[in-house]
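Asks: okay, here's the prediction I keep looking at, along with the sequence it came from:
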Amino acid sequence: MPDGVGLVETQRVVVFGGDHPLTLDSGAVIKEVEVAYETYGELNSERSNAVFICHALSGDAHAAGINPGDDPNRPGWWDNLIGPGRPLDTNRFHVICANVLGGCKGTTGPSSNDPDKGKPYGLRFPQIQVRDLVNVHRALLTKLGISRLLAAVGGSLGGMQALQWSIDHPGEIDGALIVAASARLSAQNIAFSAVAREAIMRDPDFNDGDYYGTGSRPDRGLALARMIGHITYLSEESMREKFGRRIQDAEVPRYGFDVDFQVESYLYYQGQSFVERFDANSYLYLGRVMDYFDPFADPIRVREQLARGNTGFLVLSFDSDWRFSTSHARDMAAELRTAGAPVTFREISSPHGHDSFLFPTPDYHQTVTGYIDRLAASAGGIAPRR
Amino acid sequence: MRADLDIVAGLVGRDQRVLDLGCGDGALLQTLIENQGCRGLGVENDVDKFHACIDRGVPVTHGDLEEELTRTETDSFDWSVLSLTLQAVKHPDRVLEEMQRVAARQIVSLPNFGYWKLRKDLVVHGRMPVTPLLPYEWFDTPNIHLCTLADFEALTTQSGMRIDSRILVDADGHRVTGLATRAANLLAPGAVYSLSG
């Protein structure tokens, strides 16, 4: 693989504030919204080569390259997709990734200061929806002088944003690349989400969300939520291959209630490391964003909206993903087609479960590359891939 | 584009919704979309051809056409098209039924196993024929349900389909004229049928 985008710094910009607050779809208002974002590659003079990356539940703006002071072996979360010569080729595309509204990695969320109270919002942060996340992305693009996207690309919750964006704002996006996502969570998805939420809210240190500055956080609940989530992100096959029934640091079982199997140790580690980098309230809010997501609730409106633009869709799923299985992707593709949109669909074979969208599987990257290159050829002003 | 696909494009006309089953590199759908204002969807199982469709800007589903057909909504297209592919499907009768379910009109093109040169290979030389339309050796072929034009026409009757037109084609897919209709099963290398169900 050629070298990546190199050293990058996360930028911050206030996109709503003063006389121009953010009004949510619910009607609630957030007075000030700051966005953390990164960009890779140059915007061309025609402004036709902008590609927006929408991140998933626990993602952030740092999609590619190395942040100052970081381990050079630990680049951004989608580094294998973004960079010179990679599918989202930064020699040709201007790639933007921003932390979502409600997140905790630099963009305004429940851990941000509530200007009315002089302390973090906590659960006073209003309920948000995918279309609110999209509107904050759009406000960032306005600040950056970009009015049209060659593509919006996202996995999981990121794919949901790309989908909602395409529906709500026809004509802004040439192509939506929606990976390992769903247009409607299943009862099973919502059930897992409910258990994760309960784990956080029943933690004695949760304190109704007002745990900031108290010296204690609902780390146990958040870690447990992450452990539950992580089980749904992997496949049975990948767990079997990775851990089997092997015992951690020993040859024989210890027969007790402590962590003994390797898979337990792994999950425990995932939970513990997650609490160091994520906010429990953000987890609650963004989990709920996914639960309530239902962009095809009014199919007639969707049809009218899509007819006003000509966005093309690439919908990809992975055969081992049981969180958002291929049936979710097929349903989404069918609903888009019923609404008259051109949709290309492929199920990719990969053993990594829901996390497959983060892995550089050759079949997956080949299809993304082919699709984005076709968009680029149609857009004009973008050199062919070398 | 293959000459027989030009014939298909002519049959489909303008502003139609078209499902192309086994769409190959998407050449037909590209023409229909770009020149005839159609809305198209291809189904293709070969991953290189699937990517060729993407290169052409043709919406396509990667997968087995028989499985995809069962997932396709009833009456969601004006035309379902099966070009030189019927002989390669597992259940030709079910495919014809599904093609009727998803679209009011159907186009099927097929090589004619009753063509005299093929009969000659079999009868005179005692060998399975290999021709431009059927270029595979018997031991390595996707074609598992070869039939004659007469066989196919009998199946359409059994499936409750009406033949609206039949265009006879040569090995390159060009329209051939001047053949006696009744002798087509012997003299025509292939045919393109326009059907309604």
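Replies: Perfect, I can see it now. Numbering: from 1, shown residues only, chains lettered A, B, ... in the order given.

Asks: who touches the most centrally placed residue in chain B in this structure?
Replies: What sits nearest the mean C-alpha location of chain B, by Cα atoms, centre = their mean, is B:Ser83, with 2.2 Å. With contacts defined as Cβ atoms under 8 Å, 6 or more residues apart in numbering or on different chains, B:Ser83 is in contact with B:4-5, B:8, B:20, B:22, B:24, B:28, B:107, B:109. Every residue, glycine included, has its C-beta placed from N, CA and C.

Asks: quick check: phi and psi on it?
Replies: phi -100, psi 120 (degrees, to the nearest 10).

Asks: list phi and psi for the closest residue to chain B within the stretch 1-150 of chain A.
Replies: Residue nearest to chain B within the stretch 1-150 of chain A: A:Pro87 (12.9 Å; Cβ to the nearest Cβ). In terms of degrees, to the nearest 10, the main-chain angles of A:Pro87 are phi -50, psi -50.

Asks: likewise for B:Arg2?
Replies: Per-residue torsions, B:Arg2: phi -60, psi 140 (degrees, to the nearest 10).

Asks: and A:Ala98, by the same measure?
Replies: Dihedral angles for A:Ala98 - degrees, to the nearest 10 - are phi -130, psi 140.

Asks: rewinding a little: now the residue nearest to the centre of chain B: how far from A:Asp132?
Replies: Distance, B:Ser83 to A:Asp132, using Cβ to Cβ, to the nearest Å: 47 Å.

Asks: three-state assignment of A:Arg240?
Replies: Judged by DSSP: H, G, I helix; E, B strand; the rest coil, the three-state class of A:Arg240 is helix.

Asks: show me what contacts the residue of the stretch 1-150 of chain A closest to chain B?
Replies: A:81, A:365, A:368-369, A:372.

Asks: now the helices for the stretch 1-150 of chain A?
Replies: Taking DSSP state H, counting those that start in this stretch as the criterion, the stretch 1-150 of chain A carries its helices at A:130-144.

Asks: no wait, the stretch 201-350 of chain A
Replies: A:219-233, A:236-242, A:262-277, A:280-292, A:299-307, A:326-338.

Asks: need those in a markdown table with mean pLDDT, mean neighbour count and distance to A:Ala162, can you?
Replies: As requested, these are exported to a markdown table (pLDDT from 0 to 100; neighbours: other Cβ atoms under 10 Å in any protein chain shown; distance: least, Cβ to Cβ, whole Å):
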| stretch | mean pLDDT | mean neighbour count | distance to A:Ala162 |
| --- | --- | --- | --- |
| helix A:219-233 | 96 | 21 | 20 |
| helix A:236-242 | 92 | 14 | 26 |
| helix A:262-277 | 95 | 16 | 24 |
| helix A:280-292 | 98 | 22 | 14 |
| helix A:299-307 | 97 | 15 | 14 |
| helix A:326-338 | 97 | 21 | 11 |
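
Asks: turn the ones you listed into CSV, including distance to chain B.
Replies: Listed next are those as CSV, based on distance: least, Cβ to the nearest Cβ, whole Å:
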stretch, distance to chain B
helix A:219-233, 24
helix A:236-242, 21
helix A:262-277, 33
helix A:280-292, 25
helix A:299-307, 11
helix A:326-338, 7
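
Asks: in TSV: those helices, plus distance to A:Asn67.
Replies: TSV is the format used below for the helices of the stretch 201-350 of chain A (distance: least, Cβ to Cβ, whole Å):
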stretch	distance to A:Asn67
helix A:219-233	22
helix A:236-242	28
helix A:262-277	13
helix A:280-292	20
helix A:299-307	37
helix A:326-338	32
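
Asks: quick one: closest of these to A:Asp249.
Replies: helix A:262-277 (8.1 Å; Cβ to Cβ).

Asks: packing partners for the closest one?
Replies: helix A:219-233, helix A:236-242 (3 or more Cβ pairs under 8 Å, 6 or more residues apart in numbering or on different chains; DSSP states H and E).

Asks: contact partners for the residue nearest to A:Ala56 when sequence neighbours are not counted?
Replies: What sits nearest to A:Ala56 in space, not counting adjacent residues and going by Cβ to Cβ, 6 or more residues apart in numbering or on different chains, is A:Ser156, at 4.0 Å. Listed by Cβ under 8 Å, 6+ apart, the contact partners of A:Ser156 are A:56-57, A:179-181, A:323-324, A:354, A:357.

Asks: quick check: A:Ser156 vs A:Phe318, distance?
Replies: From A:Ser156 across to A:Phe318, the span is 11 Å (Cβ to Cβ).

Asks: joint contacts of those two?
Replies: What both A:Ser156 and A:Phe318 touch, as defined by Cβ under 8 Å, 6+ apart, is the set A:180, A:354, A:357.

Asks: name the member of those residues with the most neighbours.
Replies: Neighbour counts for the shared contacts of A:Ser156 and A:Phe318 (other Cβ atoms under 10 Å in any protein chain shown) peak at A:Ala180, which has 31 neighbours.

Asks: tell me the pLDDT at the closest residue to chain B within the stretch 151-300 of chain A?
Replies: Chain B sits closest to A:Gly175 of the stretch 151-300 of chain A, with a gap of 10.2 Å, by Cβ to the nearest Cβ. Note for A:Gly175: predicted pLDDT of 98.

Asks: check A:Pro2 too.
Replies: A:Pro2 is given a pLDDT of 48.

Asks: just B:Tyr115 next, same as before
Replies: At B:Tyr115, the pLDDT recorded in the model is 94.
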